Structures are given as C-alpha cells and as structure tokens.
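**Student:** Need coordinates for the below:
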Amino acid sequence: MRKVTFAGGCFWCVEHDLRALRGVTDVISGYVGGAGGSPSYENHKGYKETVLVSYDEANISFKKLCQFFLDHIDPTDAGGQFFDRGESYQTAIFYKTEEERFIAENLLKELEESGIYDKKISVKILPEQTFYRAEEYHQKYAEKNPEHYYAYKNGSGRDDFQGRVCAIRDEKKIQWRD
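**Tutor:** Numbers count the residues shown, from 1 in each chain. Predicted coordinates:
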C-alpha cells in the first residue's frame, strides 16, 4: 500500500470524493502542519485540514490520484476552498519522493497551460509532514451524517464548481495527458 496526503479545503468533502476511486483502500481525515502536535477541530490554527489516502498502486497511480484531486478542488483559490477560508483550508499536495514532487509539479504546469482557468494555479507542492488523525466524528462524515454533509457540500458551491469544470473540459475537449 502507498500513501499520499492532500489538503483540499473541508476534509469531509475531499475524503468522500476520494473514497469513490477504484484502488483507494482508505481515506483518513486529519491535520498537517502547525506546531504543538495535538490539533483538534476546535484548535487547528496553523494546520491544514488534510486527508491521508492509502491506495493500491496496481489499481491507481499517484498521478491519477493527483489528477482526480485537482479536478475536485478550486486550484486557483489561494485563500481556502468555497465556504472555508484561511490557511487551514488552503490546498496542497504533499510528496514523499522527488519523483512524486516532479509528477505533482508537472500536473500543475499542465493545468496552468490547459486554459480551463482564467486565474493562476495556487496549489502548493510540499514535502510530507506529520499527519494527525482528526477526531472520530470527522471520519467517514458523509456516511454518518449524509443530510448535513450533502447540504453543506451543495451549499458551499463545491458541487456547482466541479460541474462547471467538467463542462469546460468537455466543451474545450481538454483531457489530462497520460
């Protein structure tokens, strides 16, 4: 099993989206960064909300995971994601190896050159950091609280944004390079 950490705003949404992928074996919500070593939902200043994704490389690659992740966030929003604002909700891909860093940087360059967005791509590429598991009530939140989760996700604008990006990709015939 391989692992990768993503920061994409609300960890509930990122976790739920990634769970749907073939080859993903587990997704854990948590926090990365900051200082002090014991973040909580009530006190995670300086930490990013993140997900730790375990995956089977025989079924999905690091590159495909990153592509999926980038298609499910607003990669141009440096101030957070949708309803969630501030450094805790800024986007990042955390790499373990130089090969992963190279892949992530090239994907951001490809996305920048694709013409999908009118604004600059602002996703950070950062070295792996200590991951702190979020409280249990945040794990699999969409499954435990579907009404609240879907109201939040739809109300935040995330669903509409993802739909517009898909429509732009289809209209302009823009696909990720293999």
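
**Student:** which residues sit in contact with residue 13?
**Tutor:** Remark: with contacts taken as Cβ atoms under 8 Å, 6 or more residues apart in numbering, residue 13 is in contact with 72, 153, 156, 158. Yep, even glycine has a C-beta here, placed from its N, CA and C like the rest.

**Student:** One more: residue 78?
**Tutor:** 90, 122.

**Student:** give me the element it is part of.
**Tutor:** Under the criterion of DSSP states H and E, residue 78 resides outside all helices and strands.

**Student:** Report the two of the contacts of residue 13 separated the most.
**Tutor:** For the contacts of residue 13, the farthest-apart pair by Cβ to Cβ is 72 and 156; their separation is 12.6 Å.

**Student:** that older thread, ok, of the contacts of residue 13, which one's closest to residue 93?
**Tutor:** residue 72 (12.6 Å).

**Student:** so how far is residue 102 from that closest one?
**Tutor:** Per Cβ to Cβ, to the nearest Å, residue 72 is found 22 Å from residue 102.

**Student:** quick one on the thing from earlier: looking at residue 72 and residue 156, which is more packed in?
**Tutor:** Each of residue 72 and residue 156 has its neighbours counted (other Cβ atoms under 10 Å); residue 72 has more, 21 against 17.

**Student:** OK, contacts around the more buried one?
**Tutor:** With the criterion set at Cβ under 8 Å, 6+ apart, residue 72 makes contact with 8, 13, 14, 17, 162.
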